[in-house]
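In: sharing a model prediction with you, sequence too.
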Amino acid sequence: VQLVESGGGLVQPGGSLRLSCAASGFTFSSSYMGWVRQAPGKGLEWVSDIDSGGGSGYYADSVKGRFTISKDNPENTLYLQMNSLKPEDTALYYCGRVRGVLGHYDYWGQGTQVTVSS
């Protein structure tokens with residue numbers, strides 16, 4: 001199993017970024033996937049999950065209405081569209097394969113850094 005995140009960077013408050021997660025080594029189309037983040041000096045925070053078909057997304061209250069998770073099964077790629085970014089969204093973002101229960105993962109990527117600052 002390999003998960004490789006990309007798309008992070010420095011953005012001003014109110015800006016947008018789209019994160020990508022390229023997956024390989026497992027049946028992506030049959031897997032629930034998700035995103036978590038870790039801000040400097042803090043623990044992991046669940047951000048969002050999506051079902052295997054890509055039809056249903058689930059979001060933390062802190063990002064609901066601003067972030068959109070999506071899944072391109074033919075391309076084996078997971079996305080996180082982040083709009084109206086806030087300084088408190090600054091974190092290392094990881095994608096993961098959901099294991100059993102939403103918010104629980106058995107494989108992770110290496111992370112991509114998102115910094116929201118003016």
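Out: Structure's in. What do you need?
In: rest of the way, CA atoms for contacts and neighbours
Out: Will do.
In: tell me where this protein has strands.
Out: 2-6, 9-11, 17-24, 33-38, 44-50, 57-59, 67-72, 77-82, 91-98, 105-108, 112-116 (DSSP state E).
In: mind listing what residue 20 touches?
Out: 5-7, 77-80 (CA atoms under 8 Å, 6 or more residues apart in numbering).
In: try it again with 6 Å
Out: Counting by CA atoms under 6 Å, 6 or more residues apart in numbering, residue 20 touches 5-6, 78-79.
In: if I look at it, how far off is residue 95?
Out: 9 Å (CA to CA, to the nearest Å).
In: so who does residue 38 touch?
Out: Applying CA under 6 Å, 6+ apart, the residues contacting residue 38 are 44, 91-92.
In: run the last query once more with 7 Å
Out: Counting by CA atoms under 7 Å, 6 or more residues apart in numbering, residue 38 touches 44-45, 91-93.
In: again, but for residue 60
Out: 46-48.
In: between these, which is nearest residue 63?
Out: residue 47 (7.0 Å; CA to CA).
In: and the helix-or-strand element of the chain with minimal mean pLDDT, what does it pack onto?
Out: When each helix and strand of the chain is scored by mean pLDDT, DSSP states H and E, strand 105-108 comes last, with a mean of 94. Contacts defined by 3 or more CA pairs under 7 Å, 6 or more residues apart in numbering; DSSP states H and E place strand 105-108 against strand 91-98.
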